[in-house]
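Participant: Sequence plus predicted model, see below.
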Amino acid sequence: MGTDTKEKIINNIEKYELLHKTEKLVVLFSGGKDATFVLEQIVNYLRTNCLQIDLDVILVAYPLHTYFDTNNKEWEVFSSIKKFWASMGVYIKCIIPEADDLKDGDLNGCQICKNVRKGIIDNILRKYEENITIVTGYTLFDALAYLNMILLSTKLQPNKNIEKDKKTPDKLKNFVHKMHIKEYLPNNNIMIRPLLTAKETEIKDYLDSKKIPYLNTECKIAKFKYKRLYFNALSILGEYPTEYEDVLNFLNIDAISKSGDFSDIENDQYFIDC
């Protein structure tokens, strides 16, 4: 990934006013390549522009086997990640859940992981007294994967079927939420997704070229994840012209705006990027 993609991220921050009136940034950090890239870009942007914005970085170390071996010792790459960010002056708040690890071949593993991570993160986010801007590492590949699921769910008629009514499945509404590059949450916090114009392949190339460590231990249930299979297919395709704006235009921006009722969110748990 070259300068062009870095400039896209900077342009996203400025075009969509992602940091406008922000006093506290909370980066949800997994240690993976997308989270690593968005954290690096955010840190560089804050320092380059001398912005006085507080930065919190939260890591929930789950599923456990991607961070620790069978002896509960940190994988070397996990230790390297923490050392790298410490050398950059970035403190990572690492939380180890008191939960059983995922089991091999567990087809419900993704839902279990989501529940564990979401429960912990929602509780942390609720404790902030001031309004915060939450940063996640969703990429263009994520947007395309959710677009594909939307098309299948709506029988290729997204503009007709994505409506603000009780007939729209909660899962479908949740997919549409994740298309927002900047989203105002009902609890007055803001969710931003600066990487929605970036492709996973470009991010990996960039981090490898800079020798920035990121988590590369594979999850036990990765082979069952629809999105991972879809990402692999997109990677095989290589260069293609699809951009974030194309996704919005295809879906119709009006359809995106109709997801703002948050009727798919239960118990005031507004963090949805799991």
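Facilitator: Received it, and whenever you're ready, just let me know what you need.
Participant: Break down the stretch 51-200 of the chain into its helices, ranges please.
Facilitator: Assigned by DSSP state H, counting those that start in this stretch, the stretch 51-200 of the chain shows helices spanning 76-87, 109-126, 140-153, 158-161, 170-177, 200-210.
Participant: closest to residue 248 out of those?
Facilitator: In terms of CB to CB, the element of those nearest to residue 248 is helix 140-153, at 9.0 Å. Where C-beta positions appear, they are placed from N, C-alpha and C, glycine not excepted.
Participant: So for that closest one, what gets flagged as buried?
Facilitator: 140-147, 149-150, 153 (16 or more other CB atoms under 10 Å).
Participant: possible to save those residues as JSON lines with distance to residue 213?
Facilitator: JSON lines is the format used below for the buried residues of helix 140-153 (distance: CB to CB, whole Å):
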{"residue": "140", "distance to residue 213": "23"}
{"residue": "141", "distance to residue 213": "21"}
{"residue": "142", "distance to residue 213": "22"}
{"residue": "143", "distance to residue 213": "26"}
{"residue": "144", "distance to residue 213": "27"}
{"residue": "145", "distance to residue 213": "26"}
{"residue": "146", "distance to residue 213": "28"}
{"residue": "147", "distance to residue 213": "31"}
{"residue": "149", "distance to residue 213": "32"}
{"residue": "150", "distance to residue 213": "34"}
{"residue": "153", "distance to residue 213": "37"}
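Participant: hmm, back to that, right, so of the helices of the stretch 51-200 of the chain, which gets closest to residue 9?
Facilitator: helix 200-210 (10.1 Å).
Participant: elements contacting the closest one?
Facilitator: helix 3-15, helix 33-48, helix 226-237 (3 or more CB pairs under 8 Å, 6 or more residues apart in numbering; DSSP states H and E).
Participant: try 6 Å
Facilitator: helix 33-48 (3 or more CB pairs under 6 Å, 6 or more residues apart in numbering; DSSP states H and E).
Participant: tell me which residues of the helix it packs on are tucked away?
Facilitator: 33-43, 45-46.
Participant: Also stretch 66-82?
Facilitator: Under 16+ other CB under 10 Å, the buried positions of stretch 66-82 are 66-68, 75, 78, 80-82.
Participant: could those go into JSON lines alongside pLDDT and distance to residue 217?
Facilitator: Shown next, in JSON lines, are the buried residues of stretch 66-82 (pLDDT from 0 to 100; distance: CB to CB, whole Å):
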{"residue": "66", "pLDDT": "95", "distance to residue 217": "5"}
{"residue": "67", "pLDDT": "96", "distance to residue 217": "7"}
{"residue": "68", "pLDDT": "96", "distance to residue 217": "9"}
{"residue": "75", "pLDDT": "96", "distance to residue 217": "6"}
{"residue": "78", "pLDDT": "97", "distance to residue 217": "8"}
{"residue": "80", "pLDDT": "97", "distance to residue 217": "12"}
{"residue": "81", "pLDDT": "97", "distance to residue 217": "11"}
{"residue": "82", "pLDDT": "97", "distance to residue 217": "14"}
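Participant: And those residues, which is closest to residue 27?
Facilitator: Nearest to residue 27 among the buried residues of stretch 66-82, with distances taken as CB to CB, is residue 81, at 13.5 Å.
Participant: Appreciated, that's everything.
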